[in-house]
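**Q** Here's a sequence, model it:
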Amino acid sequence: MCEAVVFLLCKIDPSKKVIGVHDYRKLQETILKNGQPEIFVIDPLLMGINGLTAIKQINTNYPEAPLIIFSQSAHPEAQDYWLNAGADLYIEKTNSSQEIFNSIRNYLSWKKKTSKFCISKALSTNGLIKLSKRQNQLTPLIYEGLTNEEIAKRLDISAHTVKVHLWRLYKKVGVNSRTQLIKFARENGYL
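**A** Predicted structure coming up:
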């Protein structure tokens, strides 16, 4: 499956050098040999490390590189777990190759367009509420006035998953509506 993901990434952007690593213990050696990574796609069952530990280490060592979890678990709870743990995108292995291709391509092109809206790590350490990566993605889309269905299409997730993330975001910042969320985001430097 790793070879298929490498192939898809090369197809999305042929100018990028994509290297597959099957064992986390060989990651540093591979990076020394091939240079700094621009994106990570990992299976939480990657040999040599626990998936949660891998996410934490990758986010610490390579904070600018997007991290995509590629898992065989189709449970919405698994998706929420990995996104809340620090992954930028969650893709199920059971998806068709076209769905996987579209998810990665859409995420990467969306990230380029909206990166100016993301909250910097410096802001989040200065007393502001730390939002998850998915919550950071939702805020500017809500500001654009998109519906849950439009957000779902943009992020390549279900409308139900958008509702869950939105509900958690409302709860975290203490608001009850999109209007209140936008007001909160403006007043606190999130937009």
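
**Q** Can you identify the element that follows the helix or strand of the chain with the lowest mean pLDDT toward the C-terminus?
**A** Ranked by mean pLDDT, DSSP states H and E, the weakest helix or strand in the chain is helix 121-124, scoring a mean of 30. With elements assigned by DSSP states H and E, the helix or strand that comes after helix 121-124 is helix 133-143.

**Q** ok, and what's touching the helix or strand just after that next one?
**A** Using DSSP H and E, the next helix or strand after helix 133-143 towards the C-terminus is helix 148-155. Outside helix 148-155, the residues that touch it by C-beta atoms under 8 Å, 6 or more residues apart in numbering are 106-107, 110, 134, 137-138, 141-142, 146, 158-159, 161-163, 166. Heads up, the C-betas are built off the backbone N, CA and C, glycines and all.

**Q** What are the buried residues along the next helix or strand after helix 148-155?
**A** Downstream of helix 148-155, the next assigned helix or strand under DSSP H and E is helix 159-173. Residues of helix 159-173 classed as buried by neighbour count (16 or more other C-beta atoms under 10 Å): 161-162, 165-166, 168-170, 173.

**Q** and these as a markdown table, adding distance to Gln36 and pLDDT?
**A** Below are these laid out as a markdown table (distance: C-beta to C-beta, whole Å; pLDDT from 0 to 100):
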| residue | distance to Gln36 | pLDDT |
| --- | --- | --- |
| Thr161 | 31 | 88 |
| Val162 | 33 | 90 |
| His165 | 30 | 87 |
| Leu166 | 34 | 88 |
| Arg168 | 33 | 84 |
| Leu169 | 32 | 87 |
| Tyr170 | 37 | 84 |
| Val173 | 34 | 81 |
